[in-house]
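1. give me the fold of what follows.
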Amino acid sequence: MATTGMDNCARSGMACNECNNLLVAPEWSAYVSKHEVRHVWFCENCGHEIEMAVNLRVQNLERKKIRARYADAA
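-> Numbers count the residues shown, from 1 in each chain. Predicted coordinates for the structure are as follows:
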């Protein structure tokens, strides 16, 4: 099982690290703490399994930066 960051994710899912197949939804997800969620993705095409940790604090900070950028451009 590989552990990955958010670099190969999109709103519609993520790509398998091995075969680049689109993975639409995680096999399972769990809250690890108040600010962290763990997802396990499974590729039906090649059988590869990917574990991903999502830090909700970092994602919220990135969203705020993006909103600020768009507000400055308007």
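2. use CA for all of it now, contacts and neighbours both
-> OK.
3. regarding Pro26, what is its secondary structure?
-> The local conformation at Pro26, judged by DSSP: H, G, I helix; E, B strand; the rest coil, is coil.
4. can you pull out the strands in this protein?
-> Secondary structure of the chain by DSSP state E: the strands cover 2-4, 9-10, 13-15, 22-23, 28-33, 36-42, 49-55.
5. worst mean pLDDT among those?
-> Of all the strands of the chain, strand 2-4 carries the lowest average pLDDT, namely a mean of 46.
6. turn the strands of the chain into TSV, including distance to Asp72 and mean neighbour count.
-> Shown next, in TSV, are the strands of the chain (distance: least, CA to CA, whole Å; neighbours: other CA atoms under 10 Å):
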stretch	distance to Asp72	mean neighbour count
strand 2-4	33	12
strand 9-10	25	13
strand 13-15	30	17
strand 22-23	35	18
strand 28-33	34	12
strand 36-42	30	18
strand 49-55	26	18
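7. any idea how far Leu56 is from Cys19?
-> Plainly put, Leu56 is 28 Å away from Cys19 if you go by CA to CA, to the nearest Å.
8. so what's Met52 bridging to?
-> Thr4, His39 (DSSP bridges).
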